Structures are given as structure tokens and as C-alpha cells.
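The amino acid sequence is not available; the structure is as follows:
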């Protein structure tokens, strides 16, 4: 669902071919600004767009939408539209998206260690 004139997000197989190094491949997925924070929030439970926007202070709605579309195209999250008025949309991680949990937890531990070092 890319807008006209914007490039669609690459699929995982394309990223695998493009990046032989596993670290580069991972960064190609999560290296864009706000992506790790979105995954962090969705690790705990599904969120609506407004919840993500409040959590990601400083991120524009346009950027959040772009990151969500990219993660959906990569198969890391699902977007569920509920037939309600007004429409309700929830974003949730897929099994592959939830596989980031150990990475997020490791980053949390490392971040906490920085607090203790100061």
C-alpha cells in the first residue's frame, strides 16, 4: 500500500540477497528511525495508531505510518481493521515480529547498565 511515488518496503528475501552480513540485514530491517520503538511497544500487546503516536513523542504521523507499512510488508506485524464506526485499527506483531523480544530485552538491559554506570 505504498503511496504513488514512494518505494515499497523490500521483502525479507530481497534483504537477504542484498545483505550477506546478518548484522547489516538486521539493521536494514530495524535501522530506520522509530522502528525499534514501534517493535518495543508492540512486543507487549497490540496497539492502535493513537497509542503508538503518544508513545513515540516526536515522531510525525506520516513517519509512524510509513514504518508500520514497512513492517507489515516485511511480515513483522499485522494490521487489523475492525468494522466499527469510527473504524478501529490495531497493529500486532506476527510470530516473526515477536522474535525480536530477546533483542529488545538485551537493549533494555544494556540501557539500564548505562544508568548504573553514571
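It's in. Computed from a prediction, not measured in an experiment: that's the story for all the values here.

Residue 60 versus residue 105, what's the distance?
28 Å (Cβ to Cβ, to the nearest Å). In short, each C-beta sits where N, CA and C put it, glycine included.

And the lengthiest helix in the chain, what does it pack against?
Scanning the chain for the longest helix, with DSSP state H as the assignment, gives helix 101-117. Helix 101-117 sits against helix 35-44, with contacts defined as 3 or more Cβ pairs under 8 Å, 6 or more residues apart in numbering; DSSP states H and E.

Need the mean per-residue confidence for the next helix or strand after the helix it packs on.
Proceeding N to C from helix 35-44, the next assigned helix or strand is strand 47-48, under DSSP states H and E. The average pLDDT within strand 47-48 is 98.

picking up where we left off before, ok, residues contacting the longest helix of the chain?
Contacting residues not belonging to helix 101-117 are listed as 36, 39-40, 43 [Cβ atoms under 8 Å, 6 or more residues apart in numbering].

same check, this time on stretch 33-51
With contacts defined as Cβ under 8 Å, 6+ apart, stretch 33-51 is touched by 29-30, 52, 55-56, 59, 61, 63-65, 67-68, 70-71, 76-77, 80, 88-93, 97-98, 100-101, 104, 107.

and residue 74, how many neighbours?
20 (other Cβ atoms under 10 Å).

Is there a quick PyMOL command that grabs whichever of the contacts of helix 101-117 are buried?
One line in PyMOL is enough to select the buried ones among the contacts of helix 101-117; burial here means 16 or more other Cβ atoms under 10 Å:
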select buried, resi 36+39+40
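
got the contacts of helix 101-117 as a markdown table, with distance to residue 12 columns?
Compiled in a markdown table, those are given as follows (distance: Cβ to Cβ, whole Å):
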| residue | distance to residue 12 |
| --- | --- |
| 36 | 17 |
| 39 | 15 |
| 40 | 20 |
| 43 | 19 |
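
does residue 81 sit in a helix, a strand or a coil?
Three-state assignment for residue 81 (DSSP: H, G, I helix; E, B strand; the rest coil): strand.

unless I'm mixing things up, it is touching residue 89, no?
Yes: Residue 81 is within contact range of residue 89, at 5.2 Å (criterion: Cβ atoms under 8 Å).
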